[in-house]
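Asker: Predicted structure and sequence below. I'll ask about it afterward.
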Amino acid sequence: ALTEADSRHRASDESLSIAQQRVDRSGGGSAAELRRHVDAARLGIASSEQRVAQFTAQLKMAGIDDLPRSAREFAELTSSITQELESLHTTPPSLHAAHAAHAEAKAEGERIDRELAAVRASATAVPARLINIRDRIAQELSIPLRTLPFAAELIQVRREYASWTGAIERVLRPFALTLLVRDEHLREVRGWVDEHHLGQRLVYEAVSSSVESPKASSNDRSLVNRVEVRSGTFQAWVARELSTRYDYTCVETTDEFDRYTRAVSINGQIKTSKTRYVKDDSSALNQRQNWVLGDSETKLEALLEAKKLADRELAQAAQKLDSLLTEARAHDERRGAMRAVVLQSWNDLDVGAARLRATELAAQLDELTRENADLQVALRAVETARTQRDLTDAARREARAAVDLAERELRDVRGAASELRAELDHAHAEAETAA
């Protein structure tokens with residue numbers, strides 16, 4: 001079938017060549033050239049129509065419904081689009097803010113996860129960054145962890161004064177985050193700290209085994225009376241330091257500040273001397289996940305609540321970011337479509353001009369061949385031969401495809417037969433071995 005198709009195609013090629021020679025002998029050289037121009041002009045119409053379809057789609061993507069009908073309208077349109085392109089931002093500013101908000105929300109969630117892991121592992125409310133340093137010191141110097149407490153792990157706000165916890169946390173935080181080192185370990189710890197880069201601030205104090213008794217508080221409302229110290233080897237030292245450093249009166253109103261040298265309000269304002277006042281609201285007073293005094297249960301509950309909030313904020317940030325990314329993609333697609341529009345040429349889109357050109361050329365061809373009967377016959381013969389050549393060419397491609405398919409199928413059959421033969425040989429060999 002393929003050989004026959006090849007033969008027919010060669011025959012049709014020869015027929016087309018003979019027909020073309022007849023045109024040439026009939027004085028049709030100019031007509032043939034003109035015919036080629038007519039064919040090219042008709043192809044130009046199809047090309048222009050295709051470009052117009054593409055141009056229409058680009059206009060729609062750019063948000064423009066009206067197709068220009070003339071060179072003037074096209075020039076006005078492209079000028080307007082060029083001006084708009086110059087004013088459009090490459091990326092909307094809101095998208096940058098959304099990316100930043102999403103990254104911040106994600107980082108906050110990860111920070112809380114780290115704090116949760118540290119609290120669960122250490123059973124303390126002291127920040128993980130300090131616990132990690134304390135663990136390294138204990139491990140590398142072979143010092144028991146229980147002999148290296150942070151003051152915060154030994155101090156608890158009394159239940160009846162729970163409403164004052166936020167204010168008391170503010171006053172005691174510097175002391176609470178101090179690592180306590182017994183005299184017998186001081187030299188080793190001091191050397192280790194000096195030799196290592198900690199990456200953050202660490203405060204530690206030497207704790208002597210001989211401690212004076214705590215000083216009496218200045219009044220019943222002293223902060224010292226609103227906390228309790230855990231019993232143990234550090235109890236006396238911590239109680240003495242609290243009575244010496246933190247005998248702050250807990251006042252109900254700011255007018256009472258005038259009566260005391262050192263005092264604190266329930267809202268966290270601190271008077272540290274006769275003239276100095278401090279109120280640090282860089283974090284919320286009652287943000288429990290930041291509290292460090294006492295056991296870890298309160299902080300763990302607060303961190304779990306904070307994690308829920310952080311997850312919600314992350315989901316909201318992700319949703320907003322996705323929405324803005326969708327808008328940005330649409331924005332970029334519109335910009336791309338607008339740029340494609342201004343790069344077009346009206347001559348490539350003028351279907352009317354292309355049709356007029358083809359009509360004029362066809363009229364010239366008709367006039368040239370009208371009075372030459374032999375030439376008309378020869379031209380019709382060329383058209384017939386060309387059509388036949390196209391048909392035989394298609395038939396030849398189909399025959400080639402059929403042969404290729406048959407060859408693939410034959411290879412598959414041979415491969416399957418080879419595999420089957422190998423399996424039979426293997427089975428036969430196993431049978432002989434068993435016998």
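Answerer: Now that the structure is in, tell me what you want to look at. Residues are numbered from 1 along each chain as shown.
Asker: ok, residue 225 - contacts?
Answerer: Under the criterion of Cβ atoms under 8 Å, 6 or more residues apart in numbering, the neighbours of residue 225 are residue 217. C-beta: built from backbone N, CA, C; applies to glycine.
Asker: From residue 94, how far off is residue 323?
Answerer: 10 Å (Cβ to Cβ, to the nearest Å).
Asker: Over to residue 116?
Answerer: 33 Å.
Asker: neighbour count winner among the two?
Answerer: Set residue 116 next to residue 94 and count neighbours by other Cβ atoms under 10 Å: residue 116 wins out with 18 against 13.
Asker: Quick check: nearest residue in space to that one, chain neighbours excluded?
Answerer: Distances taken as Cβ to Cβ, 6 or more residues apart in numbering put residue 303 closest to residue 116, at 5.1 Å, once the chain neighbours are dropped.
Asker: Which pLDDT does the model give that neighbour?
Answerer: In the predicted model, residue 303 carries a pLDDT score of 75.
Asker: From what I see, it and residue 112 are in contact.
Answerer: Yes - when contacts are counted by Cβ atoms under 8 Å, residue 303 is listed as touching residue 112 (5.9 Å).
Asker: quick one: low-confidence ranges for the stretch 251-400 of the chain?
Answerer: Applying pLDDT under 70 to the stretch 251-400 of the chain flags residues 296-299, 367-380, 382.
Asker: Just give me the neighbour total for residue 205.
Answerer: Under the neighbour criterion other Cβ under 10 Å, residue 205 is assigned a count of 13.
Asker: Pull the contacting residues for the closest residue in space to it that isn't next to it in sequence.
Answerer: Beyond its immediate neighbours in the sequence, the residue positioned closest to residue 205 (Cβ to Cβ, 6+ apart) is residue 178, lying 5.5 Å away. When contacts are counted by Cβ under 8 Å, 6+ apart, residue 178 touches 150, 151, 203, 204, 205.
Asker: ok but the last one is inside a strand, no?
Answerer: Right, the one you point to is residue 205. Yes - Residue 205 forms part of a strand when assessed by DSSP: H, G, I helix; E, B strand; the rest coil.
Asker: mind listing what it touches?
Answerer: Contact partners of residue 205, counting by Cβ under 8 Å, 6+ apart, are 178, 179, 180, 181.
Asker: State the pLDDT value of the last one.
Answerer: Pointing back at residue 181 there. Among the per-residue scores, residue 181 shows a pLDDT of 97.
Asker: how far out from the middle of the chain is whichever strand or helix holds it?
Answerer: Residue 181 belongs to strand 178-182 when assigned by DSSP states H and E. Taking the mean C-alpha point of strand 178-182 and that of its whole chain, the gap between them comes to 45 Å (Cα atoms, centre = their mean, to the nearest Å).
Asker: Stretch 186-202 now?
Answerer: Centroid separation for stretch 186-202 versus its chain: 40 Å, with Cα atoms, centre = their mean.
Asker: Can you name the residues in contact with that stretch?
Answerer: Counting by Cβ under 8 Å, 6+ apart, residues outside stretch 186-202 touching it are 129-130, 133, 136-137, 140-141, 143, 148, 179, 181, 204, 206.
Asker: how about 7 Å then?
Answerer: Outside stretch 186-202, the residues within contact range by Cβ atoms under 7 Å, 6 or more residues apart in numbering are 129, 133, 137, 140, 141, 179, 181, 204, 206.
Asker: measure the residue nearest the centre of the chain to residue 240 for me?
Answerer: Here the mean C-alpha position of the chain is nearest to the C-alpha of residue 99 (Cα atoms, centre = their mean), at a distance of 8.4 Å. With distances defined as Cβ to Cβ, the gap from residue 99 to residue 240 amounts to 53 Å.
Asker: Which strands or helices does the longest helix anywhere in the chain pack on?
Answerer: Taking DSSP state H as the assignment, the helix of the chain that covers the most residues is helix 373-434. For helix 373-434, the contact count by 3 or more Cβ pairs under 7 Å, 6 or more residues apart in numbering; DSSP states H and E identifies helix 2-25, helix 351-369 as packing neighbours.
Asker: and if we set it to 6 Å?
Answerer: If you count contacts as 3 or more Cβ pairs under 6 Å, 6 or more residues apart in numbering; DSSP states H and E, helix 373-434 packs onto helix 2-25.
Asker: pLDDT of the helix it packs on, averaged?
Answerer: For helix 2-25, the mean pLDDT works out to 68.
Asker: ok, then the element right after that helix?
Answerer: helix 29-61.
Asker: Let's test this: what are the backbone torsions at residue 280?
Answerer: Dihedral angles phi and psi of residue 280 (degrees, to the nearest 10) take the values phi -110, psi 100.
Asker: Show me where the stretch 201-350 of the chain has its strands.
Answerer: In the stretch 201-350 of the chain, the segments counted as strands under DSSP state E, counting those that start in this stretch are 203-207, 227-229, 249-251, 263-265, 270-271, 277-278.
Asker: Quick one: closest of those strands to residue 392.
Answerer: Relative to residue 392, the nearest member of the strands of the stretch 201-350 of the chain by Cβ to Cβ is strand 203-207, separated by 95.9 Å.
Asker: quick one: strands adjacent to the closest one?
Answerer: According to DSSP bridges, strand 203-207 forms sheet pairs with strand 178-182 (parallel).
Asker: Can I get the partner strand in CSV, CA atoms only?
Answerer: Below are the C-alpha coordinates for strand 178-182, written out as CSV (Å, rounded to 0.1, in the frame of the first residue of the first chain):
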residue,chain,number,x,y,z
THR,A,178,18.6,35.7,87.0
LEU,A,179,20.5,32.3,87.1
LEU,A,180,21.4,31.4,90.7
VAL,A,181,24.9,29.8,91.1
ARG,A,182,26.1,28.4,94.4
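Asker: Flag every buried residue along that strand.
Answerer: Taking 16 or more other Cβ atoms under 10 Å as the neighbour-count basis, strand 178-182 is seen to contain the buried residues 178, 179, 180, 181, 182.
Asker: ditto for stretch 304-312
Answerer: Within stretch 304-312, the residues that qualify as buried by neighbour count (16+ other Cβ under 10 Å) are 306, 307, 310.
Asker: And the nearest residue to the last one once chain neighbours are set aside, which helix or strand is it part of?
Answerer: Read it as residue 310. Setting aside the residues directly before and after it, residue 310 is nearest to residue 109 in space (Cβ to Cβ, 6+ apart), at 4.3 Å. Mapping residue 109 onto the secondary structure by DSSP H and E places it in helix 93-122.
Asker: after that helix, next one along is what?
Answerer: On the C-terminal side of helix 93-122, the nearest following helix or strand under DSSP H and E is helix 128-141.
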